[in-house]
Structure formats: C-alpha cells, structure tokens
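Q: model the structure of this input:
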Amino acid sequence: MRFAVYQVSRKGGREKNEDRMGYCYTRDSGLFALADGMGGHPEGEVASQLALQTLAARFQKEAKPVLADPLRFLQEAIIAGHHQLLRYATERALMDTPRTTVVACLLQGKTAYWAHCGDSRLYLVRGDKLIARTRDHSYSELQETLSQVVPMGERFNRNVLFTCLGSPGKPVVDTAGPLLMQPGDRVLLCSDGLWGSVSDGDITEQLASRPIADAVPELVERALRTAGAKSDNVTVLAVEWESAEDTDAVPQVSTKDLGDEVFASTIQASLGDAADDLDEAEIERSIREINEAIQRSSQKRK
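A: As a prediction, the model looks like this:
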C-alpha cells in the first residue's frame, strides 16, 4: 500500500481549535479520520480527540494487518467513540456531554470504505470528476434531498444537525463502500469550516488540477478569506492513492516492508489532562513534525 498525505488545521476566528485529525496504518490497511468538536457544548476539543483516539485504538487492536469487515469496524468504532464521550461526561459529572462530528475513511487492499456522523465531509475525486461525497446529517441537507421529491417550506439553518457523537440518542452512522480505488484517486476529509465557505466545485477543481500539497493550503486560505473574521476552524486532510512517484512536496508513505504486527499512528495515544486545550501553534507543530517524519522516511527509501 502506498499513499501521500497532506493535512492542515487553522483556528480561524474562533477562540480555540476544536477540530482534530490524523491517520494510522498497518502494512495493508490505513485509517484516516477527522472530527469537529461542536460549539455550544462543553469541551469540544476533548470530544473530537476522544473520537479519534477510540478509532485508532480499535484499529490497532483489530487490523492484523487487515480488518476482517471494514464497514462493521467503522460502524462499531464510531459508536464506541460515542460511548466514550458519555462515560467521560458521567465520570466528571458534567451537566452536558461533549459532542463531535466525525468522518473516517479506510483504505485496504485496493478498496475504500468510509463512514460519517454529522457534517464533517469526505470527497473522493478521480481525474476531474467528483466520484463521491458524504451527505450531511443536517436538517438543511435532508430538506434539500426531500425537495427533489416534494415541495418544501422554510429551510433550516445548515448548522442544525440531527445527530452527532455525544448526543442523548444513539448516533446515526452512514457507511459506504467498498469502492475500487484507482492510482491517483484523491480523498479529502474536512470540517464544515471548509465546505461552508468553499463550493464543492471549487474543492473538486483544486484537487483535480493541483498537487495535494498545493490544493489543500489554497482551499484552507480561500475558506478563511471568504468567511472573514468570523471564520470557523478549518481542517483538511487529503490522501492521494498510489500516485505515480514521490515528490519533494508530498513524500509518500509505503507500507510494503512493514511486518504483520507493525502499527503506525499520528493520532495522540492519550489525552493526559483532557481539559487542557491544544492551541493552534501546538497543532501546527504536531502537523509539521508528522510531515517531517514522512519526509525522512521517503528519503531513506530513495
């Protein structure tokens, strides 16, 4: 398995960054995930981090080096993250439970599987075409879908979600796949800070026409400029599958030489004092260290 990955997270106009992202992999399977802690509820940054931690921990336990049932894994691991949030709130006697959206993609063998809860999105671009895009669990997206069948009245605000992790009821988790990947396919995971300010057409065009190391920063900057001082957190993780060759800008991760039990992850293993927020500088430093590690690995292979 070979892939290139590029990721950026910016705080925007918010007091803190409640988005989290990361990926982990074995020799034959890779998990890429992004979560967006929800405002209006306590400790959104803890919610998003716990969701990713749970995904990574279960992936490490079950991918030996592949998952027997990727779609079942995604469904159960996301629900497990939900239960971790309920447990966290109960142990600390919180009046409300931290909440988050989540989107995750599994690349295994030559196929892709994905799942999401809330309005963090996945885009899959092949050549210059948008092959797949998740549908938000929001009342506005539901109304948009229904409007194609029956006339609809007043539209809801797009920010109103009908499900998320940490909610009182069992979350809705939509899954998709398997989809056979082709060399050069690009998968983009993002929080609503991106797609709320940049159109699907622009996202597709950038991914189709530029290296991901150029497309991702441009999309993030465009979202920040468009939203202005009130910009939400903007977080993007993009993966290029089996591209032709390494580039200096986006070195590739190759897993072919890994042993059956080897597991690598960029997702923080433990929260430590979960109440302490990671500030923007710490997030950017973490991303930089990850990219530098990939660069060193690529140079060794050359």
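Q: pull out the buried positions in stretch 102-119.
A: 102-108, 112-119 (16 or more other Cβ atoms under 10 Å). C-beta here means a position set from N, CA and C on the backbone, and glycine is covered the same way.
Q: centre of the chain to that stretch, how far?
A: Relative to its chain's centre, stretch 102-119 lies at 9 Å (Cα atoms, centre = their mean, to the nearest Å).
Q: what of stretch 167-183?
A: The answer for stretch 167-183 is 12 Å, by Cα atoms, centre = their mean.
Q: then stretch 220-228?
A: 19 Å.
Q: what are the buried residues along that stretch?
A: For stretch 220-228, using 16+ other Cβ under 10 Å, the buried residues are 220, 222-224, 227.
Q: rebuild these as a markdown table, extending it with distance to residue 54.
A: Below are the buried residues of stretch 220-228 laid out as a markdown table (distance: Cβ to Cβ, whole Å):
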| residue | distance to residue 54 |
| --- | --- |
| 220 | 26 |
| 222 | 32 |
| 223 | 28 |
| 224 | 30 |
| 227 | 30 |
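Q: possible to save those as CSV with distance to residue 26 and pLDDT?
A: Output for the buried residues of stretch 220-228, formatted as CSV (distance: Cβ to Cβ, whole Å; pLDDT from 0 to 100):
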residue, distance to residue 26, pLDDT
220, 29, 97
222, 35, 97
223, 33, 97
224, 35, 97
227, 38, 96
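Q: is the residue nearest the centre of the chain bridged to anything, and to what?
A: Here the mean C-alpha position of the chain is nearest to the C-alpha of residue 34 (Cα atoms, centre = their mean), at a distance of 2.3 Å. Taking DSSP bridges as the rule, residue 34 bridges to residue 21, residue 103.
Q: return the distance of residue 113 relative to residue 176.
A: According to Cβ to Cβ, to the nearest Å, residue 113 stands 7 Å off from residue 176.
Q: same question for residue 218.
A: 27 Å.
Q: between these two, point out the one with more neighbours.
A: Using other Cβ atoms under 10 Å, the more surrounded residue of residue 218 and residue 176 is residue 176, with 18 against 13.
Q: so for the helix or strand where the more buried one lies, what's the average pLDDT?
A: Using DSSP states H and E, residue 176 sits within strand 174-180. For strand 174-180, the mean pLDDT works out to 97.
Q: now swap in stretch 75-91 and tell me
A: Mean predicted lDDT for stretch 75-91 stands at 96.
Q: now do the buried residues in that stretch.
A: 75, 77-79, 81-82, 84-85, 88-89.
Q: likewise stretch 91-102?
A: Result for stretch 91-102 [16+ other Cβ under 10 Å]: buried residues 97-102.
Q: in strands only, show me these.
A: Of these, the ones assigned to strands by DSSP state E are 100-102.
Q: including distance to residue 164 and pLDDT, could those go into JSON lines?
A: Converted to JSON lines, these look like this (distance: Cβ to Cβ, whole Å; pLDDT from 0 to 100):
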{"residue": "100", "distance to residue 164": "6", "pLDDT": "98"}
{"residue": "101", "distance to residue 164": "6", "pLDDT": "98"}
{"residue": "102", "distance to residue 164": "8", "pLDDT": "98"}
